[in-house]
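Visitor: Here is the input, now give the coordinates:
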Amino acid sequence: MKRTKIIDIFGGKAAVGTEVSVKGWVRTRRGNKHVQFVALNDGSTIKNLQIVFDMAQFDDEQLKPVTTGSAIHVTGILVESMGKGQSVEVQAKTLEIYGTADPEAYPLQKKGHTLEFLREKAHLRPRTNTFGAVLRVRSALAYAIHKFFQERGFFYLHTPLITASDCEGAGAMFQVTTLPLNDLPKTEDGAIDYSADFFGKQAALTVSGQLEGELGATALGAIYTFGPTFRAENSNTPRHLAEFWMIEPEVAFNDIADNMQLAEDFIKYCVKYALDNCRDDIEFLASMYDKELINRLESVLKDEFVRLTYTEGVEILEKSGKKFEFPVYWGADLSSEHERYLVEEHFKRPVILTDYPKEIKAFYMKQNEDGKTVRAMDVLFPQIGEIIGGSEREESYDKLLARIEELGIPMKDMWWYLDTRRFGTVPHSGFGLGFERLVLFVTGMTNIRDVIPFPRTPGNAEF
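Guide: Prediction:
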């Protein structure tokens, strides 16, 4: 008999009175010598299916291995449930045990576990209600991202994970090498001889696919990337990962205003998709972790995002009378507390901050006429701070070259990028969204380590 998923049973795809075949992992077992109740979950939904074992048809020895964490296969009749908490249940006819879970050894027994404890058990934590819900929401959001861009005629571009250029100019990159680390080849002046390496030059894991994305946009018109990126920053905070996923659209002929509208439309689409398709999981997470979650998600959909210049934002912060941990002044790189004040306390809705000082932004951003600011834009969200960062790109060859030289970026790495400004240059814009920040916002979780299956952070590359 074909297996029926639990989500389909609760969705009405199996009729009461019919025989079903269900497979999954045992959450709990309780009962007495006459009847036993097993809560079964197969990962397809937050909801457990109650299996009822009439002990006149089963003996104790058969059910003894059915403990929390064990995997079983049950066939039985789907019936309306008389008990609380479920509409239907299965009256078991047959039981097959796939795998047992020793109660003395299995770490996820029926009790509350801290998120810190579960991070140490990242190989098993997807079996908990919390992480099952988070991972289903994450999957739905990934699908929504592709759906949004594909519906609007964007092309999905795969940009390289191994690169010889540092897009952000930050230098926080993981090196990729096949050189023997205990006997590095050296040049005559004592430097490492990268000509002997696999690529014949120094290479690293990418921090962004943006530069290559611009190449795609200036040929295909509108592209997006969605893939892993890597930052070797020693940032042990609830908002940073060394390996995370990025979405980076890039659009030819878009200016900063078009870019802001695309960012707002995109993020609203993703939030609405999650609310429409993951309601049970989001309601569970709201009940467990953040009672305001659904209100916050719905408020993002109903309000237009504020458009605000950096200069206006700094003035608001300076006049707020609020004591911030980090000082506020024109030219400062705003911290999360500043961003959240603007969003949560002043405007009480998302804010798109624009026209930042050029000194605190990347070399490729288009300079404004004032010579001091660039056409950057950051989307600021409640609870999170910056969730999207982007800009209109500098399309002038001369201005871009001058900025590259001003910052001392090695030209040998940038010749191909400059070619897009030499041959058929156009105004173009794009942004980057850290996927985990979006998942963090939609799930109401507070630590970014809890929205990716296997977090990579300083000192931690387990699993």
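
Visitor: shaky segments in the stretch 151-300 of the chain?
Guide: In the predicted model of the stretch 151-300 of the chain, residues 166-171 satisfy pLDDT under 70.

Visitor: Strands of that one, start to end?
Guide: Shown for the stretch 151-300 of the chain, the strands assigned by DSSP state E, counting those that start in this stretch span residues 155-156, 162-163, 175-176, 203-205, 222-230, 243-252.

Visitor: Now distance to Tyr364 too, for these, in TSV please.
Guide: C-beta here means a position set from N, CA and C on the backbone, and glycine is covered the same way. Converted to TSV, the strands of the stretch 151-300 of the chain look like this (distance: least, C-beta to C-beta, whole Å):
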stretch	distance to Tyr364
strand 155-156	21
strand 162-163	15
strand 175-176	23
strand 203-205	18
strand 222-230	16
strand 243-252	11
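
Visitor: now the ones you listed in TSV, with distance to Met55 and mean neighbour count?
Guide: Output for these, formatted as TSV (distance: least, C-beta to C-beta, whole Å; neighbours: other C-beta atoms under 10 Å):
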stretch	distance to Met55	mean neighbour count
strand 155-156	55	14
strand 162-163	60	16
strand 175-176	60	15
strand 203-205	57	19
strand 222-230	51	21
strand 243-252	49	23
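
Visitor: Let me know which of those strands is the nearest to Asp450.
Guide: Of all those, strand 243-252 sits nearest to Asp450, with 13.2 Å by C-beta to C-beta.

Visitor: Relative to Arg375, which of the strands of the stretch 151-300 of the chain is closest?
Guide: strand 243-252 (14.0 Å).

Visitor: Residues touching the closest one, excluding its own?
Guide: Residues outside strand 243-252 that contact it (C-beta atoms under 8 Å, 6 or more residues apart in numbering): 145, 149, 154, 208-210, 213-214, 216-218, 221-231, 258-259, 262, 266, 426-436, 448, 452, 456.

Visitor: Just the buried ones from those?
Guide: By neighbour count, with 16 or more other C-beta atoms under 10 Å, the contacts of strand 243-252 hold 145, 149, 154, 208-210, 213-214, 216-218, 221-227, 229-231, 259, 262, 266, 427-436, 448, 452, 456 as buried.

Visitor: I'd like the distance between the residue of the chain most remote from its centre and Thr177.
Guide: Most distant from the centre of the chain: Ala56, at 49.4 Å, with distances by C-alpha atoms, centre = their mean. Distance, Ala56 to Thr177, by C-beta to C-beta, to the nearest Å: 68 Å.

Visitor: Could you do Pro249 as well?
Guide: For Pro249, the distance to Thr177 - C-beta to C-beta - is 32 Å.

Visitor: Give me the spatial nearest neighbour of the residue farthest from the centre of the chain, chain neighbours excluded.
Guide: His34 (7.7 Å; C-beta to C-beta, 6 or more residues apart in numbering).

Visitor: go on, Phe198?
Guide: Thr178 (4.3 Å).

Visitor: Burial check on that neighbour, number of neighbours?
Guide: Neighbour count of Thr178, defined by other C-beta atoms under 10 Å: 9.

Visitor: and what of the one 3 residues further on?
Guide: Here the number of neighbours of Leu181 (other C-beta under 10 Å) works out to 6.

Visitor: For the stretch 301-450 of the chain, which segments count as strands?
Guide: Going by DSSP E, counting those that start in this stretch, the stretch 301-450 of the chain shows strands at 306-309, 351-357, 373-381, 385-392, 428-434.

Visitor: what packs against the last one?
Guide: Packing partners of strand 428-434 (3 or more C-beta pairs under 8 Å, 6 or more residues apart in numbering; DSSP states H and E): helix 210-220, strand 243-252, helix 256-277, strand 385-392.

Visitor: gap between it and the chain center?
Guide: 15 Å (C-alpha atoms, centre = their mean, to the nearest Å).

Visitor: What average pLDDT does it get?
Guide: Strand 428-434 shows a mean pLDDT of 97 in the predicted model.

Visitor: One more: the third one?
Guide: Average pLDDT, strand 373-381: 97.

Visitor: if we can go back for a sec, does the residue farthest from the centre of the chain count as helix, strand or coil?
Guide: The three-state assignment at Ala56 reads coil, by DSSP: H, G, I helix; E, B strand; the rest coil.

Visitor: Which one, of the helices and strands packed on strand 428-434, ends up nearest to Leu95?
Guide: Across these, closest to Leu95 is helix 256-277 (C-beta to C-beta), at 33.3 Å.

Visitor: And that closest one, what's buried?
Guide: Quick answer for helix 256-277 (16+ other C-beta under 10 Å): 256, 259-260, 262-264, 266-271, 273-275, 277.

Visitor: now stretch 339-350
Guide: Quick answer for stretch 339-350 (16+ other C-beta under 10 Å): 339-344, 346-347, 349-350.

Visitor: try stretch 26-42
Guide: 26-27, 29, 36, 38-42.

Visitor: end to end, how far does it reach?
Guide: 9 Å (C-alpha to C-alpha, to the nearest Å).

Visitor: now that stretch: mean pLDDT?
Guide: So the average pLDDT for stretch 26-42 ends up being 96.

Visitor: what do you get for stretch 52-64?
Guide: Mean predicted confidence for stretch 52-64 is 95.

Visitor: start at 236 instead
Guide: Okay, residue one is now 236; in that scheme the one you just asked about reads as stretch 287-299.

Visitor: I'd say Asn364 and Ile281 touch.
Guide: Yes: Asn364 lies in contact with Ile281 (C-beta atoms under 8 Å); the separation is 6.1 Å.
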